[in-house]
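Participant: dropping the sequence and predicted coords here.
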Amino acid sequence: MDGGAGTRDVQERLDTVEAELEEVDLQIAVLQQKKAELHRRRDALLQRLEEACDAAQPSSSSQASRGEPAASRQEMQRFDGSDFPWSQEVVQHLQDTFHLPRFRPLQLRAINLTLSGRDVFLVMPTGRGKSLCYQLPALCSKGLTLVVTPLVSLMEDQLMYLQSISVSAAMLNASSSKEHAKSVMAGMTDPTVPFRLVYVTPEKIAKSKLLMSRLEKAYKAELLSRIAVDEVHCCSQWGHDFRPDYKLLGILKRQFPKVPLIGLTATATSTILKDCEKILSVRQPVTITASFNRTNLYYEVRVKNCDSDASVEDMASLIKSKYQHQSGIVYVFSQKDAESVSSALQKRGILASPYHANMDPTDKSHVHRRWSTNKIQVFSSSLGTVYVMGFFDVHVNVVTPPITTG
Ligand SMILES: Nc1ncnc2c1ncn2[C@@H]1O[C@H](COP(=O)(O)OP(=O)(O)OP(=O)(O)O)[C@@H](O)[C@H]1O
């Protein structure tokens, strides 16, 4: 009797739990539908914002300022379409390789323009998805895309990401071993080694004759499909991030005139872009400028405490209270500060690590990887008497002055 009542009781409770589970599944389905709808509405609104910005600009092409015929808005809008020979492949890679459901505004325009052989300057806020605009075309083209990027940490980030989506890429920088450099360079002219992207620092272009001669060979074999210059504003002395080696990148377009170039930046003004155009020897590039209204960014300015202990204490309590489960970067003025701020944060129980040019390349890579995988929470930055702390989506790190604004 008792046993039967017990079983009935368990059965009733099981029924209740199952009914509740069904209810939760239903609610999840409704929420997912709502989320998809909100995504659609957000994209449509972003698109409208871009169109409004586009309409407000005199032209999306720098040809206008030279008195030459401007690319009409209509012509530009044609590049937002999907009736190019490569369109099907583009969408396939977007979904199957990059696992993204749709393009963000202006990405498709940039991709279509570069795939049709035009030189492009893409000015888009940080995090909006500029990299896709050369990574995806790299997969739709024969041969390799050369990506010039100023920071080894950015290169490593990109390589880690490309590896995770099974896109073959390589990098060459000052810390590449001779053997590694040799095998990457050999791969650049070997059609059986399918590097789709090769990341290099501007210093390599400026200093490595071997690299230039390999590129020359790849060009002659029609295996150099595109040149991407990341942080293109670094070319100009008018910009805040001028890098002398960027000044020498004009050699690329002079040596490989048939290869389309795409320059990417989040910060350039039109004066800076004009300067970049000259320095890179690019003739009549199309400039695409996205709107810079970043509703997902939050800025806060705080007065820095004069006492360094107290200021680190402020920083630590801010990280612990507001960003406990996130990581980010704290920029500082010097390598010494990077070391001392990170050790002060460590003493306060925060997983922090310094990151600067004087570190052993293997240690740097190690810190970067641990930070990217959330095993380190912080990098830091002090600017005079005011702390400006940049917390990005998921990470915090302690680095010496930023070379790029990123
Ligand atoms: N169409 C898209 N839909 C959803 N997410 C996207 C799309 N395109 C790019 N992203 C994502 O946006 C994030 C930022 O992209 P990315 O690093 O290319 O930005 P960025 O503009 O190059 O930034 P930075 O100026 O820092 O180089 C990445 O996680 C990327 O996967």
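Facilitator: Sure thing, it's come through. Residues are numbered from 1 along each chain as shown.
Participant: which stretches of the stretch 151-300 of the chain form helices?
Facilitator: For the stretch 151-300 of the chain, the helices defined by DSSP state H, counting those that start in this stretch occupy 152-164, 178-188, 202-207, 209-220, 250-255, 270-279.
Participant: whoops, I mixed them up, the stretch 301-406 of the chain
Facilitator: Along the stretch 301-406 of the chain, counting by DSSP H, counting those that start in this stretch, helices occupy 308-322, 335-347, 361-372.
Participant: now do the buried residues in the second one.
Facilitator: Neighbour-count burial for helix 335-347, counted by 16 or more other CB atoms under 10 Å, picks out 335, 337-342, 344-345. Every residue, glycine included, has its C-beta placed from N, CA and C.
Participant: hey, where'd the helices end up in the stretch 1-150 of the chain?
Facilitator: Listed in chain order, the helices of the stretch 1-150 of the chain (DSSP H, counting those that start in this stretch) span 2-56, 73-78, 87-92, 107-115, 132-139.
Participant: which non-adjacent residue is nearest whichever residue of the stretch 151-300 of the chain sits closest to the ligand?
Facilitator: Residue nearest to the ligand within the stretch 151-300 of the chain: Ala266 (4.4 Å; CB to the nearest ligand atom). Using CB to CB, 6 or more residues apart in numbering and skipping the chain neighbours, the partner closest in space to Ala266 is Thr126 (4.6 Å).
Participant: the one you found against Thr265, yeah?
Facilitator: No. The criterion here is CB atoms under 8 Å, and Thr126 misses it with Thr265 at 9.8 Å.
Participant: these two: who's more crowded?
Facilitator: Neighbours per residue (other CB atoms under 10 Å) separate Thr126 from Thr265, with Thr265 holding more: 28 against 16.
Participant: show the pLDDT at that one.
Facilitator: pLDDT recorded at Thr265 is 93.
Participant: give me the number of residues near Ser321?
Facilitator: 8.
Participant: and it, what's its pLDDT?
Facilitator: 88.
Participant: equivalent analysis for Gly6, please.
Facilitator: Reported pLDDT for Gly6: 85.
Participant: interface residues of the stretch 101-250 of the chain facing the ligand?
Facilitator: Residues of the stretch 101-250 of the chain lying close to the ligand (CB under 6 Å from any ligand atom) are 103-104, 107, 124, 126-132.
Participant: returning to what we had before: so which of the helices of the stretch 301-406 of the chain gets nearest the ligand?
Facilitator: Here helix 361-372 is closest among those (CB to the nearest ligand atom), at 11.9 Å.
Participant: and that closest one, what other elements does it pack with?
Facilitator: Counting contacts by 3 or more CB pairs under 8 Å, 6 or more residues apart in numbering; DSSP states H and E, helix 361-372 is packed against helix 152-164, strand 354-355, strand 395-399.
Participant: which helices and strands does the longest one pack with?
Facilitator: The elements that helix 152-164 packs onto, with contact taken as 3+ CB pairs under 8 Å, 6+ apart, are strand 169-172, strand 197-200, helix 361-372.
Participant: quick check, nearest of the buried residues of helix 335-347 to Tyr298?
Facilitator: The closest of these to Tyr298 turns out to be Leu345 (CB to CB; 21.4 Å).
Participant: quick check: pLDDT value at the closest one.
Facilitator: The model reports Leu345 with a pLDDT of 90.
Participant: with Ser61 instead?
Facilitator: Taking Ser61 on its own, its pLDDT is 45.
Participant: equivalent analysis for Asp314, please.
Facilitator: 89.
Participant: and if you look at the one 10 residues further on?
Facilitator: pLDDT, Gln324: 78.
Participant: and it, how far from Gly349?
Facilitator: In this view, Gln324 and Gly349 are 11 Å apart by CB to CB, to the nearest Å.
Participant: ok, and the closest non-adjacent residue to Arg214?
Facilitator: Nearest to Arg214 is Met185, by CB to CB, 6+ apart, at 4.5 Å.
Participant: isn't that neighbour right next to Met212, touching?
Facilitator: No. Between Met185 and Met212 there is no contact under CB under 8 Å: 10.5 Å.
Participant: which residue, other than its chain neighbours, is closest to the residue most central in space within the chain?
Facilitator: The chain has Ser131 as the residue nearest its centroid, 5.2 Å off, counting by CA atoms, centre = their mean. Spatial nearest neighbour of Ser131, excluding adjacent residues (CB to CB, 6+ apart): Gln158 at 6.7 Å.
Participant: do the same with Ala344
Facilitator: Val312 (4.3 Å).
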